[in-house]
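>>> only geometry, no sequence info:
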């Protein structure tokens, strides 16, 4: 039987990770070009809170995934599962969970690293503005979408795996011959 407490805890972790990723998307670093004089301009960035929010979301999703994998023994440890439809679904959902998790973590980590990067050079003697780099819109949003998918699929995986572990094959009630 699947642990309701574990499913609730994983849901809360995923919800917090989703909220942090959405907040990081809303608070991405922005910039303005500042001119000290007619010949000198540079980039001025605002506060960098999105990087911390992205890293927090990364860690919450990691904790959620670790909880599910430790509780389920990562499908590879423990007694073997008997052949059934639940076993097939558990294997499919296990692979899908890891793919969605990997994509979400890459989006969150790359978004946090890229958001923290600020150009530091100045442009002298020119009318051109400096190339101020910032994170593209939607990187943390994509991470948030994959957090939702990871949460749904990982909980389905855990429930399906619990069902597969509890599965007992039917005994053949047919007539057997015995030797006396």
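Okay, I see it. Not measured: the values here are computed from a predicted model.
>>> low pLDDT regions in this structure?
Applying pLDDT under 70 to the chain flags residues 1-2, 38-39, 74-75, 77-83, 118-131, 133, 167-180.
>>> would you state the strands of it in chain order?
Along the chain, counting by DSSP state E, strands occupy 31-37, 40-45, 122-124.
>>> just how off-centre is the longest one within its chain?
To tie it back to what came earlier, the one meant is strand 31-37. Centroid displacement of strand 31-37 relative to its chain, using CA atoms, centre = their mean, to the nearest Å, is 37 Å.
>>> next, the contact list for the one residue sitting closest to the centre of the chain, please.
Against the mean C-alpha coordinate of the chain, by CA atoms, centre = their mean, the closest residue is residue 104 at 3.7 Å. By CB atoms under 8 Å, 6 or more residues apart in numbering, the contact list for residue 104 reads 61, 143, 146-147, 149-150. Every C-beta, even on glycine, is put in place using the N, C-alpha and C of the backbone.
>>> any chance of these in a markdown table, plus distance to residue 162 and neighbour count?
Shown next, in a markdown table, are the contacts of residue 104 (distance: CB to CB, whole Å; neighbours: other CB atoms under 10 Å):
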| residue | distance to residue 162 | neighbour count |
| --- | --- | --- |
| 61 | 22 | 27 |
| 143 | 28 | 31 |
| 146 | 24 | 23 |
| 147 | 23 | 32 |
| 149 | 21 | 16 |
| 150 | 18 | 28 |
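>>> can you put those residues in JSON lines and add distance to residue 23?
Shown next, in JSON lines, are the contacts of residue 104 (distance: CB to CB, whole Å):
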{"residue": "61", "distance to residue 23": "14"}
{"residue": "143", "distance to residue 23": "12"}
{"residue": "146", "distance to residue 23": "16"}
{"residue": "147", "distance to residue 23": "12"}
{"residue": "149", "distance to residue 23": "19"}
{"residue": "150", "distance to residue 23": "18"}
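>>> in helices only, show me these.
Judged by DSSP state H, the subset of the contacts of residue 104 located in helices is 61, 143, 146-147, 149-150.
>>> and which of these is nearest residue 33?
Comparing the ones in helices among the contacts of residue 104 against residue 33 with CB to CB places residue 143 closest, at 28.9 Å.
>>> how many residues are close by residue 94?
22 (other CB atoms under 10 Å).
>>> ok, residue 67 touching residue 10?
Yes - contact status for residue 67 versus residue 10: in contact at 5.6 Å, counting by CB atoms under 8 Å.
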